[in-house]
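Asker: build me a structure from this.
(chains A and B)
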Protein chains: 2
Amino acid sequence: MAKIYYASRTAPVNIADLNLPTNSSISVTLSQKDLRTLTTASCSQDFEKDELWLNGQSHSLDTPRTQQCLSDLRKYREELEARDESLPKLSKMHLHIVSENNFPTAAGLASSAAGFAALISAIAKLYELPQTASDLSKIARKGSGSACRSLFGGYVAWEMGELENGEDSKAVEIAPLSHWPDMKACILVVSDDKKDVPSTSGMQLTVKTSPLFQHRIEKVVPQRFEEMKKSIMEKNFPLFAELTMKDSNSFHATCLDSYPPIFYLNDTSKRIIKLINLLNESVGEIIAAYTYDAGPNAVIYYEHKNESRVLGLLHAVFSSVDGWQKIDVKSLTPPSIELDPTWGSGVSRVILTEVGAGPQDSDEVLINVETGLPK
Amino acid sequence: MAKIYYASRTAPVNIADLNLPTNSSISVTLSQKDLRTLTTASCSQDFEKDELWLNGQSHSLDTPRTQQCLSDLRKYREELEARDESLPKLSKMHLHIVSENNFPTAAGLASSAAGFAALISAIAKLYELPQTASDLSKIARKGSGSACRSLFGGYVAWEMGELENGEDSKAVEIAPLSHWPDMKACILVVSDDKKDVPSTSGMQLTVKTSPLFQHRIEKVVPQRFEEMKKSIMEKNFPLFAELTMKDSNSFHATCLDSYPPIFYLNDTSKRIIKLINLLNESVGEIIAAYTYDAGPNAVIYYEHKNESRVLGLLHAVFSSVDGWQKIDVKSLTPPSIELDPTWGSGVSRVILTEVGAGPQDSDEVLINVETGLPK
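Answerer: Next up is the predicted model:
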């Protein structure tokens, strides 16, 4: 076997409402202690094709979107190799990529953003590319829209740009993790194991068929985008929370306005929304916010100083599920809200996390450097 | 006891999406064979106050909205009495009103429209008013917005008018029952007995807080209103159905876009929506439409010629509930759709009905004409 070159990187999960490349959006990057993808990228003259192993299973890299990303990265590598003849011709070699999440797939969390970001980031490291995270985000965007945001830590904007072909669409940092490190997130994984009537879903349907979606994109989102940036710069949690909840509502409203309608929120998701409203009302200020991506799982934001009250309520309702061992639940002080024992159903797990950093180097190597196959 | 004057009228239920007096809307009046309110209005010099008995229970007539309606009707009566001195001075007497629905309140159907329409209609008959149904609809609107539509049979438009004070807001007939008598409706009563987190609801919240609502009212509804009229004039069911479903989606989308959001559709409602989509897809044309008012109950429209296929599917899924005895279920031919036995849960009753006529005179008298109290 010829020499195997390799490099490992990790990338985080990020939370934003709308994965559609039709409007600028803001996201919060979550801590990799709790949720991350680790990827080892390797290449060798002896590899016969590009291959990917994801959580122990072989996956095809032969999709147009992925091939576009690999081709872009190889082009950057070629430029380096053209300038410096001493560099090994990695751009001509096939890639073996091994990727692992530190959270169970069964958690039902969308991991494609972290996965693609780690893939791009690991190959960029392997190729020793000089490109910035924003440059790489342009590539990541082509693979999985929301992946571009996972190339940054802290608070991130995905700017759509002006060009028709989307070449100037990229992610930028609004504020680093250190600017507002008190932002906590509790993910409520909503079990969705009931057999449901199959539905035609897909965000392209919303773009095509929802009259309210056009209004959202043209009028509602641009204004909220600026206000949201401001709320982050000012660390104004009540404003951040209100905008987050309103934008989540608005996104899911346009899904419902599609024809046929798309439903991501189920009765459990709606119950969590009402619980958060009840919490904020009982406290008399906005100390928690919900947001939902394209699925029923809730992300609840709150500031560290309010942890006792926010997790106090959530633990009181969802105490029976896995995930609470990270905190001392006895120290929580739930607000005095009368709860019904049936409200706890429909959630299968909580993940307690917080705002986190962007992709990191890793010493872990997921590939056997003798055989070029996953360890 | 002085002489008791009395008159009885019935009024129908009507189905439209949006009960908000912020946009013109179109409704279908349902048959009184299945759903109607019967009201006897009576008056006598000896009655000491205005009183109402509804389904056997005493209710107050002392609300500003109701008093406004009674005052308007008495003013019209006074005009008659002023012109013809021989008429008894009914306008000076207190009213005893007795009202009964022919469907159980437990069915969870909004009956206030039929109730108010029957009340207005019965008093107008008692007073022998010459006013047209559209004139009376202006009064009914003040009591309960959607009631104005229940003063007509067939296909009805509620026109908002131009005046700030709403005085020109009234219902008009688009087409009578006889124009398109083949329109059938299957109401699926969705059980909502789960204890839920209380929520701040109310349509005024949507008007105040939903940015998408403004767009819906200004841009989306006016165009659909004209297309919907056209679809009824042309008896174009697929167009009528598509507009009905889209408008239902749009209405509930703006509820979700409210802050805090309002949810009327639950998981059962959503399952029914998907079933209707599945049905139309499997048949290859739109033969059924769903619509939802401010609640989880579904109204499914279809034309008589497609009854076997539409009710075939609905009976296959919801066979265990009450309400099917009206038809010969053995003659139904459900489309070949693979069904899951769990899909039938969450519905407590079906009501099979169709488009119907407006308010009618009735020989039934709900009041004891000796005592002035309910029989």
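
Asker: alongside chain B, which residues does the stretch 101-250 of chain A contribute?
Answerer: With C-beta under 8 Å from any C-beta of the partner chain as the criterion, the stretch 101-250 of chain A meets chain B at residues A:194-200, A:210-212, A:215-216, A:219-220, A:242, A:245-246, A:249-250. Yep, even glycine has a C-beta here, placed from its N, CA and C like the rest.

Asker: is it possible to mark the buried ones in those residues?
Answerer: A:196-197, A:199, A:210-212, A:215-216, A:220, A:242, A:245-246, A:249-250 (16 or more other C-beta atoms under 10 Å in any protein chain shown).

Asker: just name the lowest-scoring one in those, pLDDT-wise.
Answerer: On pLDDT alone, A:S199 ranks lowest of those, at 71.

Asker: which residue is the nearest non-sequential neighbour of that residue?
Answerer: Of all residues not flanking A:S199 in the chain, B:K274 sits nearest, at 5.0 Å (C-beta to C-beta, 6 or more residues apart in numbering or on different chains).

Asker: for A:N266, same thing?
Answerer: Nearest non-adjacent residue to A:N266, counting by C-beta to C-beta, 6+ apart: A:P296, 4.8 Å away.

Asker: touching, the one you found and A:K270? I think so.
Answerer: No. With contacts counted by C-beta atoms under 8 Å, A:P296 stays clear of A:K270, the gap being 9.4 Å.

Asker: quick one on the thing from earlier: out of the buried ones among the residues of the stretch 101-250 of chain A next to chain B, which is nearest to A:I174?
Answerer: A:E242 (17.8 Å; C-beta to C-beta).

Asker: identify the residues contacting that closest one.
Answerer: A:E242 makes contacts with A:286, A:289, B:259, as judged by C-beta atoms under 8 Å, 6 or more residues apart in numbering or on different chains.

Asker: just the strands in chain A please.
Answerer: Under the criterion DSSP state E, chain A contains strands at A:5-12, A:14-15, A:25-29, A:36-44, A:51-54, A:57-59, A:94-101, A:155-159, A:170-175, A:183-190, A:289-291, A:298-303, A:347-354, A:360-361.

Asker: any chance of those in CSV, with mean neighbour count too?
Answerer: Putting the strands of chain A into CSV (neighbours: other C-beta atoms under 10 Å in any protein chain shown) gives the following:
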stretch, mean neighbour count
strand A:5-12, 23
strand A:14-15, 26
strand A:25-29, 26
strand A:36-44, 26
strand A:51-54, 20
strand A:57-59, 11
strand A:94-101, 23
strand A:155-159, 23
strand A:170-175, 20
strand A:183-190, 23
strand A:289-291, 23
strand A:298-303, 23
strand A:347-354, 21
strand A:360-361, 14
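
Asker: now the ones you listed in a markdown table, with distance to B:I367 and mean pLDDT?
Answerer: As requested, these are exported to a markdown table (distance: least, C-beta to C-beta, whole Å; pLDDT from 0 to 100):
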| stretch | distance to B:I367 | mean pLDDT |
| --- | --- | --- |
| strand A:5-12 | 73 | 97 |
| strand A:14-15 | 63 | 91 |
| strand A:25-29 | 64 | 93 |
| strand A:36-44 | 75 | 97 |
| strand A:51-54 | 76 | 94 |
| strand A:57-59 | 76 | 92 |
| strand A:94-101 | 73 | 96 |
| strand A:155-159 | 69 | 92 |
| strand A:170-175 | 71 | 92 |
| strand A:183-190 | 54 | 96 |
| strand A:289-291 | 53 | 97 |
| strand A:298-303 | 55 | 97 |
| strand A:347-354 | 54 | 95 |
| strand A:360-361 | 82 | 97 |
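
Asker: next one: the helix or strand of chain A with the lowest mean pLDDT to chain centre, how far?
Answerer: Scoring the helices and strands of chain A by mean pLDDT, DSSP states H and E places helix A:203-209 at the bottom, with a mean of 87. Helix A:203-209 sits 22 Å away from the centroid of its parent chain (C-alpha atoms, centre = their mean, to the nearest Å).

Asker: before we move on, what about stretch A:224-231?
Answerer: With C-alpha atoms, centre = their mean, you get 20 Å for stretch A:224-231.

Asker: give the buried residues for that stretch.
Answerer: Neighbour counts over stretch A:224-231 (16+ other C-beta under 10 Å) mark A:224-225, A:227-229, A:231 as buried.

Asker: closest one to B:H304 among the strands of chain A?
Answerer: The closest approach between B:H304 and any of these, judged by C-beta to C-beta, belongs to strand A:183-190 at 41.8 Å.

Asker: how about the helices of chain A, start to end?
Answerer: Residue ranges of the helices in chain A, as given by DSSP state H, are A:64-83, A:112-126, A:133-143, A:203-209, A:211-215, A:221-233, A:237-256, A:267-283, A:307-318.

Asker: what's the closest of those to A:D168?
Answerer: Closest approach to A:D168 among the helices of chain A (C-beta to C-beta): helix A:133-143, 7.9 Å.

Asker: from the buried residues of stretch A:224-231, pick the one nearest B:W53.
Answerer: Nearest member of these to B:W53, counting by C-beta to C-beta, is A:R224, at 51.6 Å.
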